[in-house]
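*Asks:* This is the structure alone, sequence omitted:
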């Protein structure tokens, strides 16, 4: 029998914690809980969880601060719960290190599906062509992606990307000139086939361009929008 995967739920609303715990335990997950940010950080630092479900609005320490604290030493997937749907809130969460978010009110079944998708990504099930990534260095003018070191260099400068930003960039760069619809990117990068907010893709693309553009506008422009379709990675041969 496989070991139980452990999930930490950091949520101040007991009703939501109980509901998520019930649904996740049905799928054989082991659950730990915290009802405030400080306790959540302490538990995350003391234990090795497979995934964290994190509410944005928390007492003692807000979700963004908790996410940043966890990301200092931990790489497990973080799914953020938020009652806010504005792009600025999503960007702030992703920039802090969240891998995905769900807007309240939500379906518990959707949360379970997203948890499973994030765990597949983190544990290598269905990941992006891992055999090629393990020994691959993608080199373009102004941009280098070294998958051995998990490092992205733009105009000679290392830039910091979240795990999802890195995966999205690598996926697009390794399929140069191929146009992907948002739905396809959700399936390939997030492992979402029948659900998922398409704005998640748009927000990650925006953040990627901003981070690349700080070092090289030419590198940022390699991620091209194909209006009415989706995105592609293209390189100017001039």
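*Replies:* Arrived safely. What you are looking at is a predicted structure, and each value in this text was computed from that prediction instead of being measured. Numbers count the residues shown, from 1 in each chain.

*Asks:* pLDDT-wise, which helix or strand of this structure ranks last?
*Replies:* helix 130-133 (a mean of 44; mean pLDDT, DSSP states H and E).

*Asks:* Residues touching the helix or strand following that one, excluding its own?
*Replies:* Under the assignment DSSP states H and E, the closest C-terminal helix or strand after helix 130-133 is strand 137-140. Strand 137-140 has contacts (CB atoms under 8 Å, 6 or more residues apart in numbering) with 144, 145, 146, 147, 148, 170, 173, 174, 219, 222, 235. C-beta here means a position set from N, CA and C on the backbone, and glycine is covered the same way.

*Asks:* From the chain's centre, how far out is strand 137-140? Work that out for me.
*Replies:* Relative to its parent chain, strand 137-140 has a centroid offset of 23 Å by CA atoms, centre = their mean, to the nearest Å.

*Asks:* Identify the residues contacting the residue nearest the centre of the chain.
*Replies:* Nearest to the mean C-alpha position of the chain, by CA atoms, centre = their mean, lies residue 99 at 2.2 Å. Counting by CB under 8 Å, 6+ apart, residue 99 touches 77, 78, 79, 118, 121, 162, 163, 164.

*Asks:* The fourth one: what secondary structure?
*Replies:* Classification of residue 118 into helix, strand or coil gives helix, according to DSSP: H, G, I helix; E, B strand; the rest coil.

*Asks:* ok, the nearest residue to it once chain neighbours are set aside - how many residues close by?
*Replies:* Excluding its sequence neighbours, the residue lying closest to residue 118 (CB to CB, 6 or more residues apart in numbering) is residue 77, at 4.0 Å. Neighbour count for residue 77, taken as other CB atoms under 10 Å: 26.

*Asks:* again with residue 120
*Replies:* If you count neighbours by other CB under 10 Å, residue 120 ends up with 15.

*Asks:* before we move on, back to that, keep only those of the contacts of residue 99 that are in strands.
*Replies:* Of the contacts of residue 99, the ones assigned to strands by DSSP state E are 78, 79.

*Asks:* which one of the contacts of residue 99 sits closest to residue 213?
*Replies:* Relative to residue 213, the closest of the contacts of residue 99 is residue 162; by CB to CB it sits at 16.4 Å.

*Asks:* Report the contact partners of the closest one.
*Replies:* 94, 95, 97, 98, 99, 207.

*Asks:* now do 6 Å
*Replies:* Residues in contact with residue 162 (CB atoms under 6 Å, 6 or more residues apart in numbering) are residue 97.

*Asks:* that older thread, what does the pLDDT read for the residue nearest to the centre of the chain?
*Replies:* Per-residue pLDDT puts residue 99 at 86.

*Asks:* related to what we said a few turns ago, want to try TSV for the contacts of residue 99, with pLDDT and distance to residue 228 as columns?
*Replies:* Formatted as TSV, these follow (pLDDT from 0 to 100; distance: CB to CB, whole Å):
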residue	pLDDT	distance to residue 228
77	89	32
78	93	33
79	94	30
118	86	29
121	71	28
162	78	28
163	77	29
164	82	24
